[in-house]
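In: What follows is a predicted protein model with its sequence.
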Amino acid sequence: MAQFKIQGQIPLSGKISVSGAKNAALKAIAASLLSPQPLKITNFPFVHDVRSMLAVLETIGARITRGDHEVTIDTSNVASGNLLDAAARKIRTTTLLIGPLLHRFGEVQMGFPGGCVIGRRPIDIFINGYRALGVQVDEDDGERFIFKGKVTGGEFFFPQVSVTATESLLLAACVGVGRTILKNVAMEPEIPALAEYLSAHNAKISGAGTASIIIEGVPEITAGEYKIIPDRVEAGSFLIMAAAARAELIVENCQPEHLESLLATFDQIGVPYTRRQTSVAVHKNDRTFASANIKTHEYPGFITDLQAPMTVFLTQCQGQSLVHETIFEGRLFYIDLLNRMGANILLCDPHRALVQGPSRLRGKIIDSPDIRAGMAMVIAGLIARGETIIGNIEQIDRGYEALDERLRRIGAEITRV
Ligand code: EPU
């Protein structure tokens, strides 16, 4: 098992470029099944989660040509909607394939999907959503699900905002017959990006990026080229890293308008930065940073995927900060690891933690619990005294491409061993 070995407190500076968004690429891959024509995806991040999704498509017969940060997916040979293969069961984004495969084959079989261990991950919203759109869904002991028939349109109110369920129903409803109205949907930037691609290829969608989406089914969606938007979570992770390490760092190729909640928190804390059209520069400084309360929220609120990196930064701020994780109940358990490194954080319950800062962190041997908590551990290692060894870095590789190489280019002493 690979590890990252990090020497802490080495000054960081320079420029770091943001990759294409993992969570947009996963949806683009699903969109390739809507049409038998090949789809070329550019600005493509080759991270593990995305490779796993490509592997699932290969198990059902898709042909994939990989290039430099681009892939071409040809799904003309896909012959069934059978997603019971072990590769498909491992990842949660298999749920995005339901709609396109139903359109092509009228039946999809899948197992209960896996995914990050960050709390309960039920699929009730998907099941009820598909039923509302006219699809028959049979369950076998909650382990095997059979979706039958074609989407005929309908209305569905999301009882809880869900990013992937919004995208799954959008992909399902855009092709076929009938009008679909989805209410209380997610507004994350990956959703209007997907809708924009689909609309450019024949779909009739309005409202993507707001809380209600209206979709008129069309007989066919064509394929073409899909350019992935910059990864706002990666950009945010690098900005937090720069602030925590008091680095002079320009985070390039990002969309700052997707990071408003983080930048507002920086304003509160007193992080000096310059925002430009496609970059944000964090400036080196020796200010005392103020504490801040953060509460994760659906977009445009504070991104749950940045909660763990932000908590590491809050250990460097003066006073008490409350971290309130409202989306997932298993996303604070990395706090024990930070306390072992010298942080002073009280876990109040599965959703809330009180951070008392500032703390001097010390290097330790730890494991990466999941993608984002793993990135948080890297930031902790970079600012801690001494050496930190992080195990289970396959988790970090799931969401950050060649992280060690890119951090070395800005001065970090990080090696993959
Ligand atoms: N939920 C249900 N029932 C469902 C679906 C979701 O109760 O049928 C609940 C979840 O348990 C959770 C809440 O709804 O409490 C929100 O979950 P959501 O469905 O929005 O999460 P997701 O779509 O599975 C995506 C990202 C996550 C990101 C969340 C929240 C992708 C592939 N994943 O997950 O990204 O944390 O939205 O923004 O888009 C990551 O990149 O590290 C990551 C975990």
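Out: That came through, no problem. Numbers count the residues shown, from 1 in each chain.
In: Which residue comes closest to Ile221 once chain neighbours are left out?
Out: Of all residues not flanking Ile221 in the chain, Leu34 sits nearest, at 4.3 Å (Cβ to Cβ, 6 or more residues apart in numbering). Every C-beta, even on glycine, is put in place using the N, C-alpha and C of the backbone.
In: any idea which helix or strand of the chain has the worst average confidence?
Out: Lowest by mean pLDDT, DSSP states H and E among the helices and strands of the chain is helix 86-90, with a mean of 81.
In: isn't Ile240 right up against Phe313?
Out: Yes: using Cβ atoms under 8 Å, Ile240 makes contact with Phe313 at a distance of 5.1 Å.
In: near the ligand, which residues of the stretch 251-400 of the chain show up?
Out: Contacts of the stretch 251-400 of the chain with the ligand, taken as Cβ under 6 Å from any ligand atom, map to Thr304, Asp305, Ile327, Phe328, Ile371, Arg372, Gly399.
In: how about the strands in the stretch 51-200 of the chain?
Out: Assigned by DSSP state E, counting those that start in this stretch, the strands in the stretch 51-200 of the chain fall at 63-66, 70-74, 82-83, 107-111, 136-140, 144-148, 154-157, 179-183.
In: What segments of the stretch 301-417 of the chain are strands?
Out: Assigned by DSSP E, counting those that start in this stretch, the stretch 301-417 of the chain shows strands spanning 319-324, 344-349, 352-357, 365-367, 387-391, 413-416.
In: Same list, those strands, but as CSV with mean pLDDT please.
Out: Below are these laid out as CSV (pLDDT from 0 to 100):
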stretch, mean pLDDT
strand 319-324, 98
strand 344-349, 97
strand 352-357, 97
strand 365-367, 96
strand 387-391, 98
strand 413-416, 98
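In: could I get these as CSV with distance to Val175?
Out: CSV is the format used below for those (distance: least, Cβ to Cβ, whole Å):
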stretch, distance to Val175
strand 319-324, 40
strand 344-349, 44
strand 352-357, 43
strand 365-367, 43
strand 387-391, 44
strand 413-416, 43
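In: Now tabulate those in a markdown table and tack on distance to Ser162 and mean neighbour count.
Out: Below are the strands of the stretch 301-417 of the chain laid out as a markdown table (distance: least, Cβ to Cβ, whole Å; neighbours: other Cβ atoms under 10 Å):
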| stretch | distance to Ser162 | mean neighbour count |
| --- | --- | --- |
| strand 319-324 | 20 | 18 |
| strand 344-349 | 23 | 14 |
| strand 352-357 | 22 | 20 |
| strand 365-367 | 29 | 17 |
| strand 387-391 | 31 | 19 |
| strand 413-416 | 35 | 15 |
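In: Surely Ile10 is within a helix?
Out: No: read with DSSP: H, G, I helix; E, B strand; the rest coil, Ile10 is coil and lies in no helix.
In: Would you agree it is in contact with Ile414?
Out: No: using Cβ under 8 Å, Ile10 makes no contact with Ile414, being 9.1 Å away.
In: okay, and the common contacts of the two?
Out: Residues touching both Ile10 and Ile414 by Cβ atoms under 8 Å, 6 or more residues apart in numbering: Leu382.
In: hmm, back to that, what sits in contact with each of Ile240 and Phe313?
Out: Contacts common to Ile240 and Phe313, judged by Cβ under 8 Å, 6+ apart, are Ile379.
In: The two - which one has more neighbours?
Out: Remark: of Ile240 and Phe313, Phe313 carries more neighbours, 30 against 26, as counted by other Cβ atoms under 10 Å.
In: how far away is the nearest residue to Ala308 once chain neighbours are set aside from the ligand?
Out: Once flanking residues are discounted, Ala308 sits nearest to Ala376: 3.7 Å by Cβ to Cβ, 6+ apart. Look at Ala376 and the ligand: by Cβ to the nearest ligand atom, to the nearest Å, they are 12 Å apart.
In: Count the residues that sit near Ala376.
Out: Going by other Cβ under 10 Å, the residues that sit close to Ala376 add up to 30.
In: Could you do Thr93 as well?
Out: 23.
In: Then Asp140?
Out: Asp140, neighbours per other Cβ under 10 Å, totals 10.
In: Quick check, pLDDT for it.
Out: The per-residue pLDDT reported for Asp140 equals 86.
In: got any ranges where the chain has weak pLDDT?
Out: Residues of the chain that meet the criterion pLDDT under 70 lie in 115-120.
In: now the helices: where do they sit in it?
Out: 22-31, 48-59, 86-90, 98-105, 124-132, 163-173, 190-199, 232-244, 260-269, 307-314, 335-340, 371-383, 394-397, 403-409 (DSSP state H).
In: Show me what the fourth one is packed up against.
Out: Going back to what we said before, that points to helix 98-105. The contact analysis (3 or more Cβ pairs under 8 Å, 6 or more residues apart in numbering; DSSP states H and E) places helix 98-105 against strand 107-111, helix 163-173.
In: Let's have these in CSV, adding mean neighbour count.
Out: Shown next, in CSV, are the helices and strands packed on helix 98-105 (neighbours: other Cβ atoms under 10 Å):
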stretch, mean neighbour count
strand 107-111, 20
helix 163-173, 26
